[in-house]
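Kindly generate the corresponding structure for this input.
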Amino acid sequence: MRDEVTFEKIDTNNCFDKDATLVIKRDAIVNNVKSIKESTKSKIIAVVKENGYGLGLGNLYNIIKDQDIFMYAVIASNEALGLRKEGCDKDILMLTPIMDYDELSLLVSQDVVLALGNTKQIDKLKKIYEKTGKKPRVHIKINTGMGRYGFNVDDIPDFNEYTDFLSIEGCFSHLAGGNNYKKTVENQVQKFKSAIEKIKETGVDTGICHISNSSATMTFGALGFDAVRVGSAILGKVAVRSNLEVSVWLESKVYSIYKRQKGEPIGYGGEATLKRDSSLAIVRVGTGCGVSLMQRGPMDHTLMSGVKGVIKRMLSVPFMTVQINDKTYPVIGRTGISHMAVDVTGSEVKEGDTVKIQVNPLLIHPYVERKII
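Here you go, the predicted structure:
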């Protein structure tokens, strides 16, 4: 039952009332981790960035913490500190090369493994060692094609000069993908291997090496390296076919049902016109909750997927569907900020029935309740 609404409870700067719940299926997440581990035979680096991919950092961590995770990976300091607050005593890898001295000092004090991807970090890390006597732990970040962070393969410094004050424990890169996915991955892997060899030639052990993200892991495995780095795959949301189970979705209720006549326009801009007399179920969920018009299940970012989407729009084929009572129904018209219309013509759908919507949890509004089942 929804909380009682009273005048005294109203916070005029927080008037969100989301008629939806982000449902998180614990067993699916656990089974996905086990499946990834079994299929790759590799160490698992669990990426829990962006507040646990929208599930809640603590929620995701506490679901997978007993699954023999080798290391956790984050992109922000508050995520690393949040894991420590949850009691995480495993290694945590900061994927972003941090530049601020105070932030670096804090992370080193919490035994967080740092991404070393810029020579400008070196002096600050050396000062931390000189001040504390503790060698900052690092994984060397190599740029093989993403272009955002890391050392270029042709510009590898002599890391042996830094081993007196740094503990070099790993080396990693990030796959960029592309239209010819296999070839792009192969090219990046070759660059990564070249960088590893150059580092080893200086007498430095590169430690744990990893490059496979979720899509690559489910397509190629560990690509011959020591670990796989997975985040969306743990949730069963990858842009490739797999045996993983989607573990998170949005739930709401059918709010009301209306009879509409053939020829009536539906939604903003009248983008949809009914081709028959119809029954429409109104659901109080829309873009304000984080529901995207582009989400129908596992994300597909390929060019062909985009072309298919345009064709579907041109042909007025439903671009988004939801599930009600285990059956699939099309969303009609443009989804609004707080409502959508679902065509349930000829069904026994009634007000109050549960509506299940496949979403990208990263986009779900933080005020939407998270529920673990």
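
Going along the chain, name the strands of the stretch 151-300 of the chain.
Using DSSP state E, counting those that start in this stretch, the strands found in the stretch 151-300 of the chain span residues 151-152, 167-172, 208-210, 227-230, 248-260, 265-266, 272-273, 278-283.

Mean neighbour count, those strands: which tops it?
strand 227-230 (a mean of 26; mean count of other C-beta atoms under 10 Å). Yep, even glycine has a C-beta here, placed from its N, CA and C like the rest.

quick revisit: any chance of the strands of the stretch 151-300 of the chain in TSV, with distance to Ile10 too?
Below are the strands of the stretch 151-300 of the chain laid out as TSV (distance: least, C-beta to C-beta, whole Å):
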stretch	distance to Ile10
strand 151-152	54
strand 167-172	49
strand 208-210	49
strand 227-230	42
strand 248-260	22
strand 265-266	33
strand 272-273	36
strand 278-283	25
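
What is the burial count for Asp89?
The local packing of Asp89 (other C-beta atoms under 10 Å) involves 9 other residues.

pLDDT score for it?
Model confidence at Asp89, given as pLDDT, is 97.

rewinding a little: which of the strands of the stretch 151-300 of the chain sits closest to Lys135?
strand 167-172 (4.3 Å; C-beta to C-beta).

Please name every helix or strand in contact with the closest one.
strand 137-143, helix 181-201, strand 208-210 (3 or more C-beta pairs under 8 Å, 6 or more residues apart in numbering; DSSP states H and E).

repeat that for 10 Å
strand 91-94, strand 114-116, strand 137-143, helix 181-201, strand 208-210, strand 227-230 (3 or more C-beta pairs under 10 Å, 6 or more residues apart in numbering; DSSP states H and E).

chain center to the first one: distance?
In other words, strand 91-94. Counting by C-alpha atoms, centre = their mean, to the nearest Å, strand 91-94 is centred 17 Å from the centre of its parent chain.

Please put the alpha-carbon coordinates of that strand into PDB.
C-alpha atoms of strand 91-94 as PDB (Å, rounded to 0.1, in the frame of the first residue of the first chain):
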ATOM      1  CA  ASP A  91      40.900  -5.700  -3.500                       C
ATOM      2  CA  ILE A  92      39.100  -2.700  -5.200                       C
ATOM      3  CA  LEU A  93      40.400  -1.300  -8.500                       C
ATOM      4  CA  MET A  94      39.900   2.300  -9.300                       C
END
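
about what we covered before: in JSON lines: the strands of the stretch 151-300 of the chain, plus distance to Cys88 and mean pLDDT.
Shown next, in JSON lines, are the strands of the stretch 151-300 of the chain (distance: least, C-beta to C-beta, whole Å; pLDDT from 0 to 100):
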{"stretch": "strand 151-152", "distance to Cys88": "29", "mean pLDDT": "96"}
{"stretch": "strand 167-172", "distance to Cys88": "18", "mean pLDDT": "98"}
{"stretch": "strand 208-210", "distance to Cys88": "18", "mean pLDDT": "98"}
{"stretch": "strand 227-230", "distance to Cys88": "17", "mean pLDDT": "98"}
{"stretch": "strand 248-260", "distance to Cys88": "21", "mean pLDDT": "97"}
{"stretch": "strand 265-266", "distance to Cys88": "48", "mean pLDDT": "94"}
{"stretch": "strand 272-273", "distance to Cys88": "48", "mean pLDDT": "92"}
{"stretch": "strand 278-283", "distance to Cys88": "38", "mean pLDDT": "98"}
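
what's the closest of these to Asp102?
strand 167-172 (20.5 Å).

list the contacts for the closest residue to Thr132 other than its chain neighbours?
Of all residues not flanking Thr132 in the chain, Val108 sits nearest, at 7.1 Å (C-beta to C-beta, 6 or more residues apart in numbering). Applying C-beta atoms under 10 Å, 6 or more residues apart in numbering, we find Val108 in contact with 114, 125, 128-129, 131-132, 134-137.

Assumed Val108 was part of a strand.
No - Val108: not assigned to a strand; according to DSSP: H, G, I helix; E, B strand; the rest coil it is helix.

From Ile168, how far out is it?
The gap separating Val108 from Ile168 is 14 Å, by C-beta to C-beta, to the nearest Å.

returning to what we had before: apply the buried test to the contacts of Val108 and list what passes.
114, 125, 128-129, 135-137 (16 or more other C-beta atoms under 10 Å).

just to revisit the earlier point, ok, the residue nearest to Thr132 to Ile142 distance?
In terms of C-beta to C-beta, Val108 sits 22 Å off from Ile142.

ok, now Glu86?
30 Å.

more crowded one of the two?
Between Glu86 and Ile142, Ile142 has the larger neighbour count (other C-beta under 10 Å), namely 28 against 13.

Pairing partners for the more buried one in the sheet, please.
Phe151 (DSSP bridges).

thought it was touching Gln190?
No - Ile142 is beyond contact range of Gln190, at 11.9 Å (criterion: C-beta atoms under 10 Å).

In CSV: the helices and strands packed on strand 167-172, plus distance to Ala28.
Formatted as CSV, those follow (distance: least, C-beta to C-beta, whole Å):
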stretch, distance to Ala28
strand 91-94, 24
strand 114-116, 30
strand 137-143, 30
helix 181-201, 26
strand 208-210, 24
strand 227-230, 14
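
wait, which of those is closest to Glu38?
Of these, nearest to Glu38 by C-beta to C-beta is strand 227-230, at 12.1 Å.

Just list the residues touching the closest residue to Asp19 other than its chain neighbours, thanks.
For Asp19, ignoring the flanking residues on the chain, the nearest one in space by C-beta to C-beta, 6+ apart is Arg284 at 4.0 Å. The contact partners of Arg284, by C-beta under 10 Å, 6+ apart, come to 17-20, 252-256, 338-340, 355.

do Thr184 as well
Contacts of Thr184 (C-beta under 10 Å, 6+ apart): 144-145, 175-178.

Could you measure from it over to Gly178?
Distance from Thr184 to Gly178, by C-beta to C-beta: 4 Å.
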